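Novice: Provide a 3D model corresponding to the input given below.
(2 chains)
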Amino acid sequence: MYYAPISMKTILIAEDRDASRELIRTVLAAAGYAVVEARDGREAIERAFQTPADLVILDLYMPHTDGFGVLACLRDDEHYSKVPIVALTASAMAGDREKAIASGFSEYISKPVNLALLRQEVGRLLGNS
Amino acid sequence: MQTEAILEALTALCTISPLAVIGLNPQNQVDLWSPAAEQMFGWTQAEILGEALPVGVGLVTALQAQTSLRTVVQKKDGRSLEIECRIAPRPSGGWILLSTDLTNTKATEREREEFLARDREATARIKAESRFRELLEAAPDAIIEVDREGRIVLLNAVTVKLFGYTREELLGRNVDALIPDSARSRHAAHRAGYWSKPMTRPMGQGLTLMARRKDGSEFPVEISLSPVRSDEGFRVTAIIRDVTERKIAEEKIHTANQQLELRNKEVERANRLKSEFLASMSHELRTPLHTIIGFAELLAEELEGPLNDKQKRFLQHVHQDSLHLLDLINDILDLSKIEAGGMQLNIESFDARDVVRAAVDSIRPMASAKFISIDNRVKNEVFVLADRVRFREILSNLLSNAVKFTPEGGRIEVDPPVSQGDKIVFCVSDTGVGIAPEDREAIFDKFRQVGSATHGVREGTGLGLAIVKHLVEMHGGSISLESTVGVGSRFSFSVPADVGRSQSDPLVLIIEDEPAARELLTSYLTPLGIRTECAATAQEGIEAARRLHPDAVTLDLLLPGRSGWHVLRELREMPDASDIPILVISVVDESRAAIDLGATEYLQKPVKKEALVRALRRHAPARFGMI
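Specialist: Numbering: from 1, shown residues only, chains lettered A, B, ... in the order given. Okay, here's the model as predicted:
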């Protein structure tokens, strides 16, 4: 029931909560993506440059460097200036989404995530929906 | 008396009389010149006897015309003399003249007048003085007059009361005594300054002035200064007002204002803290829910292995309840956003019919599960000015509420919208448990589900109606509720109509007691896109007309209760219904009377469809012309 695409796309997930990270990882791995994980903002930047990812999912509130900080750092890079970077957050105040998009995020997904929606968005952003 | 004696007496009289007695013979020569005449005019008897009257010949001629004459003549020494003369003819011819010297009389009169004038002046002065005194003493303020050296020369009773000195102690004392030690040294300079520009003005404008009592205590005052010119030279009148009470009141107001400001700041801060708290709370609650819901979904997808039926059911419970928890959190967040003023409406003009349809469609599965039918009667376009997302939220909340509180097999209706001024009213009614009158206000409160009504219903967050009410009011509309316990509820809410675009379908009010006749008329009109509302009694008809503002009314004359005639009269007296076309439909042929009473047209029962439509077109072409 698993199938691996010929060239596996790599997704970097930065999320400080283990449970949430495992959830996203499981869903995306099951959908056939290679998943790289980071537990905070600093680690996210390290991993991003170790393994160039095709898509990045950033929790907005993380220790050390938050999602906005990581985004700013990645967008400065040639490779990451073109890669879709998705904000993932449990915050749901008015204007949060606009703020994230204005900062340079490609998409904004609020927690709790609907798994079907997550798969769909990731697929769309990677151009293989 | 003998002639001799008379002559003697007259001679004596002439001699002693203070009046000048002058006799003239027919040749107008003086033949009598009394001692008084000598004295008055200056000529002696010897000089004048046999001569013409030296004081003016015209005098005699003038005197013949009147009994007495005041005139000025010249004396021998050339001085003028004012005299009064009288004349009497002598039987033998000639005249006797009497003359009074008016000089003394005049002087006396002048003296008297002068005396009277002085007296009047003195009286006036005394009067003015006493009026001034009265004013001075009646004034509510202390009034003192101070001379150039600063000595108090005048004061009133209030001054005594205010400063605690006796009148005697203050008179002649330097005004510095009334000034606190701290300001006294500067006062002489101020006084000198005032004399350089003496005019009426308040003293120490903008400053809090203090005065000093005899016992040394001080109190706040306001002082007004005016220069006065008196017989003794220039002086200054000072009006001194004790403003202790006012200062206390001002201080109180100031303190109260400060407290109010402080409290407002506290409220603002508390409000901000509250919304910050709710935002962070929502974030913290959603974070674990995210994994609970996510893993429940993941397990249900059986990617990690198949589940047995019991496991699937348990998982469904977890999933359902966690979704409910999410709803709750979202509602709380919504409400806190509304309350913190953080919610912005995105007002646009749109056809509410589409949104109603979408909201009804999305609630259908939930209703079907309880075998509840939903009848959406919003068939025609209706343009509103509202936030599309929030408008749908209002409807969805009311609909899901209706589903929740309606027992299985019940019915929910969304009524055709009704215009009400510049608003459009939407109604959602159900055949649910109903809401007791005493609970009708409370259900719009937060976290209130009304006792008996919620029996057996657990899905609610208790926030839905509070949010609905807030949202409706943010749009400038209002929400109301009619309900009968055990029968059902009907929520009506209004939002602004887009008056320019919203040409709702014309409405005909049918007032008719026979159901069959009602149905017939409705069946004529509905297919033409005309809305109909029915009333079965006179009273219902009048109320419906008042409430609905129909475009036309059909009226049966034979109604239970009050007659159709009564309805006709009532409608014509209604200020905003007086020009609505009223088509009387009756078996009785009373067309003349009906028209006289204000009916627009009289149609004989049974009425034909064509006749009805023709009448509508004729009398309200703007609303029925296109049909």
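Novice: what about the worst-scoring helix or strand of chain A on mean pLDDT, distance to the chain center?
Specialist: Every helix and strand of chain A was ranked by mean pLDDT, DSSP states H and E. The lowest is helix A:96-103, at a mean of 88. The chain centre lies 15 Å from the centre of helix A:96-103; the measure is CA atoms, centre = their mean, to the nearest Å.
Novice: what do you get for stretch B:476-487?
Specialist: On the basis of CA atoms, centre = their mean, stretch B:476-487 sits 36 Å off its chain's mean C-alpha point.
Novice: what's in contact with it?
Specialist: The contact list for stretch B:476-487 (CB atoms under 8 Å, 6 or more residues apart in numbering or on different chains) reads B:423, B:431, B:433-436, B:440, B:443-444, B:468-469, B:472-473, B:489-496. Yep, even glycine has a C-beta here, placed from its N, CA and C like the rest.
Novice: Which of those residues are buried? Put it as a ChimeraX command.
Specialist: To isolate the buried members of the contacts of stretch B:476-487 in ChimeraX, using 16 or more other CB atoms under 10 Å in any protein chain shown:
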select /B:423,431,433,434,435,436,443,444,468,469,472,489,490,491,492,493,494,495,496
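Novice: Quick one: the strands in chain A, in order.
Specialist: A:10-14, A:34-38, A:55-59, A:85-89, A:107-110 (DSSP state E).
Novice: In CSV: those strands, plus mean pLDDT, mean neighbour count and distance to B:L616.
Specialist: Formatted as CSV, these follow (pLDDT from 0 to 100; neighbours: other CB atoms under 10 Å in any protein chain shown; distance: least, CB to CB, whole Å):
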stretch, mean pLDDT, mean neighbour count, distance to B:L616
strand A:10-14, 96, 24, 68
strand A:34-38, 95, 19, 71
strand A:55-59, 95, 26, 64
strand A:85-89, 93, 24, 59
strand A:107-110, 91, 18, 54
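Novice: Switch these over to a markdown table; also include distance to B:K214.
Specialist: Formatted as a markdown table, the strands of chain A follow (distance: least, CB to CB, whole Å):
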| stretch | distance to B:K214 |
| --- | --- |
| strand A:10-14 | 85 |
| strand A:34-38 | 87 |
| strand A:55-59 | 81 |
| strand A:85-89 | 78 |
| strand A:107-110 | 80 |
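Novice: okay if I get these as a markdown table plus distance to chain B?
Specialist: As requested, the strands of chain A are exported to a markdown table (distance: least, CB to the nearest CB, whole Å):
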| stretch | distance to chain B |
| --- | --- |
| strand A:10-14 | 13 |
| strand A:34-38 | 15 |
| strand A:55-59 | 9 |
| strand A:85-89 | 8 |
| strand A:107-110 | 8 |
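Novice: So what would you say the end-to-end distance of stretch B:572-586 is?
Specialist: Across stretch B:572-586, the terminal residues are separated by 19 Å (CA to CA, to the nearest Å).
Novice: What residues of that stretch count as buried?
Specialist: Neighbour counts using 16+ other CB under 10 Å place B:A577, B:I580, B:P581, B:I582, B:L583, B:V584, B:I585, B:S586 of stretch B:572-586 among the buried residues.
Novice: Report pLDDT for the closest residue to B:E169 other than its chain neighbours.
Specialist: Excluding the flanking residues, the one nearest B:E169 by CB to CB, 6 or more residues apart in numbering or on different chains is B:K214, at 7.7 Å. Here, the pLDDT recorded for B:K214 equals 91.
Novice: which SS class is B:K214?
Specialist: Put simply, B:K214 is coil when judged by DSSP: H, G, I helix; E, B strand; the rest coil.
Novice: Against chain A, how distant is it?
Specialist: From B:K214 across to chain A, the span is 70 Å (CB to the nearest CB, to the nearest Å).
Novice: got the contact list for that residue?
Specialist: Residues in contact with B:K214 (CB under 8 Å, 6+ apart) are B:F163, B:G164, B:Y165, B:E169.
Novice: Check B:T166 too.
Specialist: B:T166 neighbours (CB under 8 Å, 6+ apart): B:V160.
Novice: B:E348 and B:V378, how far apart?
Specialist: The gap separating B:E348 from B:V378 is 18 Å, by CB to CB, to the nearest Å.
Novice: which of those two has more neighbours?
Specialist: Between B:E348 and B:V378, B:V378 has the larger neighbour count (other CB atoms under 10 Å in any protein chain shown), namely 21 against 12.
Novice: May I have the beta-bridge partners of residue 86?
Specialist: Assuming you mean chain A. Per DSSP bridges, the residues bridged to A:V86 are A:I57, A:E107.
Novice: that's the other chain; I wanted chain B
Specialist: In beta-bridge terms (that is, DSSP bridges), B:R86 pairs with B:S68, B:L98.
Novice: same check, this time on B:L225
Specialist: With DSSP bridges as the rule, B:L225 is bridged to B:R201, B:A238.
Novice: and which of the contacts of B:K214 is nearest to chain A?
Specialist: Ranked by distance to chain A (CB to the nearest CB), the contacts of B:K214 are led by B:F163 at 67.4 Å.
Novice: So the closest one is in contact with B:G216, correct?
Specialist: No - with contact defined as CB atoms under 8 Å, B:F163 does not count as touching B:G216 (11.2 Å).
Novice: Between these two, point out the one with more neighbours.
Specialist: Each of B:F163 and B:G216 has its neighbours counted (other CB under 10 Å); B:F163 has more, 23 against 9.
Novice: just to revisit the earlier point, now, of the contacts of B:K214, which are buried?
Specialist: Buried residues within those, counting neighbours by 16+ other CB under 10 Å: B:F163, B:Y165.
Novice: on that earlier part again, so which other helices or strands are in contact with the least confident helix or strand of chain A?
Specialist: helix A:67-75, strand A:85-89, strand A:107-110 (3 or more CB pairs under 8 Å, 6 or more residues apart in numbering or on different chains; DSSP states H and E).
Novice: at 6 Å what do you get?
Specialist: If contacts are counted by 3 or more CB pairs under 6 Å, 6 or more residues apart in numbering or on different chains; DSSP states H and E, helix A:96-103 sits against no helix or strand.
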